[in-house]
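Chemist: how would this look folded up:
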Amino acid sequence: MTTMIIRAERAEDGWRMVDSDGNYPQGGKIHQTRQSVYRDCAVMYPLNSTWQGRKISSGYRIVID
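Modeler: Down below sits the predicted model:
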């Protein structure tokens, strides 16, 4: 089982999704709010899939079975 943390990173003109390896899962897509980043995480990594994701205090934790 592998774990990865995805968090919202401040950019010049908004927020973007970045994983714990420094990659941009959405290709650097800019969001207006941090909440928008975490909403996209919930859609991309639902709890009942192979990639089980959930919001934590430091970002969004993805557990790969």
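Chemist: what mean pLDDT does stretch 37-55 have?
Modeler: Here stretch 37-55 scores 78 as its mean pLDDT.
Chemist: which residues sit against it?
Modeler: For stretch 37-55, the surrounding residues in contact (C-beta atoms under 8 Å, 6 or more residues apart in numbering) are 6, 8, 15-17, 25-26, 31, 60-65. C-beta coordinates here come from the backbone N, C-alpha and C atoms, glycine included.
Chemist: apply 10 Å and report the result again.
Modeler: Defining contact as C-beta atoms under 10 Å, 6 or more residues apart in numbering, one finds that stretch 37-55 is touched by 1-4, 6-9, 14-18, 25-26, 29-31, 33, 59-65.
Chemist: any idea how many residues pack against the closest residue to residue 56 other than its chain neighbours?
Modeler: Sequence neighbours aside, residue 5 is the residue nearest to residue 56 in space, at 7.7 Å (criterion: C-beta to C-beta, 6 or more residues apart in numbering). Neighbour count of residue 5, defined by other C-beta atoms under 10 Å: 14.
Chemist: give the contact list for residue 5.
Modeler: Per C-beta under 10 Å, 6+ apart, neighbours of residue 5: 18-21, 56, 58-62.
Chemist: helix, strand, or coil at residue 24?
Modeler: coil (DSSP: H, G, I helix; E, B strand; the rest coil).
Chemist: start the count at 29 instead of 1 going forward.
Modeler: Understood, numbering begins at 29; the last thing we discussed is residue 52.
Chemist: would you agree it is in contact with residue 46?
Modeler: Yes - at 5.8 Å, residue 52 counts as touching residue 46 under the criterion of C-beta atoms under 10 Å.
Chemist: need the residues touching each of these two.
Modeler: Common contacts of residue 52 and residue 46, defined by C-beta under 10 Å, 6+ apart, comprise 34, 37.
Chemist: higher neighbour count, these two?
Modeler: Each of residue 52 and residue 46 has its neighbours counted (other C-beta under 10 Å); residue 46 has more, 20 against 13.
Chemist: give me the contacts around the host helix or strand of residue 43.
Modeler: Per DSSP states H and E: residue 43 is located in strand 42-47. Strand 42-47 is contacted from outside by 32-39, 51-66, 68-69, 72, 87-88, 90, using C-beta under 10 Å, 6+ apart.
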